[in-house]
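Trainee: below is the structure, and that's it, no one-letter string:
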């Protein structure tokens, strides 16, 4: 049990009892302190009266939607937020990005996906808290991302969009950095072409248009990653579907 899990307080918000209980059980088994409520109003009330490090919020619930609840919670708490939904849409994804939500997971998310997202969210929160304690200037959430270090020593700095392997240093453009972050933070997950265009560029396109929009960006990123042996084949194309980040040497 890690130090993070011993101290972290997580709130699960979902109107489906089975989902709510399942998430609660998964997180408690990892040592987290977990509370759960069935709707957005109850979530806001809980956050007002309890310390919460991270919230897992369902998108569609009776009454107040998940995004509406998150907008309020963001004003009264600095908890990291994961949006969990079975109803992905352009509007909800763009709004999630605007609200700087930590992650956007689609149901049914596997236990490993949920735990990986929670771990990253708590690491990001700790990084921001450390900066506050040391008197450093406040930074945007995306600037507080943890470093990703591979077994061969390659370091992926998602905050600064820099990759280092020994003396080899590669700088990514903002679009390349967003694409790299999305893939690296969800290893093994296949992202659809349309989904990546939405998350990286912020707009929706037709399914037949998405591959053409992504191809130049992915090509440029792959070309840069060739300078780093452990990442040379990290972005795998799934024919007719999308892309997946697959690094064996981690």
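Mentor: Perfect, I can see it now. Note that the structure is predicted; figures quoted are calculated from it, not measured.
Trainee: what's the model's confidence in the longest helix along the chain, averaged?
Mentor: With DSSP state H setting the assignment, residue counts place helix 111-133 as the longest helix in the chain. Here the mean pLDDT over helix 111-133 is 82, rounded to a whole number.
Trainee: go on, stretch 50-70?
Mentor: Across stretch 50-70, the average pLDDT comes to 89.
Trainee: most distant residue from the centre of this protein?
Mentor: residue 167 (29.5 Å; C-alpha atoms, centre = their mean).
Trainee: re the thing from before, gap between the longest helix of the chain and the chain center?
Mentor: How far helix 111-133 lies from its chain's middle: 10 Å, per C-alpha atoms, centre = their mean, to the nearest Å.
Trainee: for that helix, name the packing helices and strands.
Mentor: Packing partners of helix 111-133 (3 or more C-beta pairs under 8 Å, 6 or more residues apart in numbering; DSSP states H and E): helix 3-7, helix 17-29, strand 54-58, strand 80-85, strand 103-106. (C-beta placed from N, C-alpha, C; glycine too.)
Trainee: buried stuff in that helix?
Mentor: Neighbour counts using 16 or more other C-beta atoms under 10 Å place 113-122, 124-128 of helix 111-133 among the buried residues.
Trainee: residues in contact with the helix or strand following that helix?
Mentor: Once helix 111-133 ends, the next helix or strand along the chain (criterion: DSSP states H and E) is strand 147-149. When contacts are defined by C-beta atoms under 8 Å, 6 or more residues apart in numbering, strand 147-149 is touched by residues 155-158, 184.
Trainee: and stretch 7-14, by the same measure?
Mentor: Contacting residues not belonging to stretch 7-14 are listed as 20, 23-24, 27, 32-40, 42-43, 46-47, 50-58, 61, 66, 69, 79, 84, 118, 122 [C-beta under 8 Å, 6+ apart].
Trainee: select only the buried ones of these in PyMOL?
Mentor: What follows is the PyMOL syntax for the buried subset of the contacts of stretch 7-14, where burial is set by 16+ other C-beta under 10 Å:
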select buried, resi 20+23+24+27+32+33+34+36+37+38+39+40+42+43+46+47+52+53+54+55+56+57+58+61+66+69+79+84+118+122
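Trainee: in which helix or strand would I find the nearest residue to residue 213 once chain neighbours are set aside?
Mentor: The spatially closest residue to residue 213, leaving aside those adjacent along the chain, is residue 197, at 5.4 Å (C-beta to C-beta, 6 or more residues apart in numbering). Residue 197 is part of helix 193-201, with elements assigned from DSSP H and E.
Trainee: and the angle from the helix or strand following that helix to helix 193-201?
Mentor: Under the assignment DSSP H and E, the closest C-terminal helix or strand after helix 193-201 is helix 210-225. Angular relation of helix 210-225 and helix 193-201 on a 0 to 180 degree scale: 60 degrees, by axes from the mean of the first three to the mean of the last three C-alpha atoms, to 10 degrees.
Trainee: and the helices and strands packed on helix 111-133: which comes nearest residue 244?
Mentor: With C-beta to C-beta as the criterion, residue 244 lies closest to strand 103-106 of the helices and strands packed on helix 111-133, at 14.7 Å.
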